[in-house]
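Trainee: any chance you could fold what I've pasted below:
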Amino acid sequence: MAQPLSPAQRRHLRALAHPLKPVILLGGKGATEPVIEELRQALEHHELVKVRLCAEDREGRDAQARALCEATGAALVQRIGHVAVLFRRSTERPTIVLPRNP
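Mentor: Take a look at the predicted model:
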């Protein structure tokens with residue numbers, strides 16, 4: 001599981017994610033194993049990705065975002081509407097520098 005992000009780290013990651021487009025689009029079948037594997041690869045390569053969720057209601061979108069985080073070991077930076085921003089530090093070549101925890 002990802003270690004929790006401080007408010008300053010979340011703010012920094014939200015700013016970095018603002019210009020990004022969704023990399024992963026969940027379809028009607030939701031978070032299938034191929035989608036989760038693609039998300040793992042995207043997180044390893046980019047570290048910070050946007051995911052477009054497909055559930056109709058807020059609780060469903062929250063549940064999808066939580067399931068993706070649990071399956072990939074990523075931290076949820078934010079979820080607005082149908083878009084979630086996930087962060088997981090790359091094991092091979094980390095590029096995003098986070099502010100230090102207070």
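
Trainee: could I get the full set of helices for the chain?
Mentor: For the chain, the helices defined by DSSP state H occupy 7-17, 33-46, 58-72.

Trainee: out of those helices, which comes closest to residue 52?
Mentor: Of all those, helix 58-72 sits nearest to residue 52, with 10.1 Å by Cβ to Cβ. The C-beta positions use only the backbone N, C-alpha and C, and glycine is treated the same way.

Trainee: follow-up on the earlier one: can you lay out the helices of the chain as JSON lines showing mean neighbour count?
Mentor: Formatted as JSON lines, those follow (neighbours: other Cβ atoms under 10 Å):
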{"stretch": "helix 7-17", "mean neighbour count": "15"}
{"stretch": "helix 33-46", "mean neighbour count": "15"}
{"stretch": "helix 58-72", "mean neighbour count": "16"}
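
Trainee: what's the closest of those helices to residue 78?
Mentor: Short answer: helix 7-17, nearest of the helices of the chain by Cβ to Cβ, at 5.7 Å.
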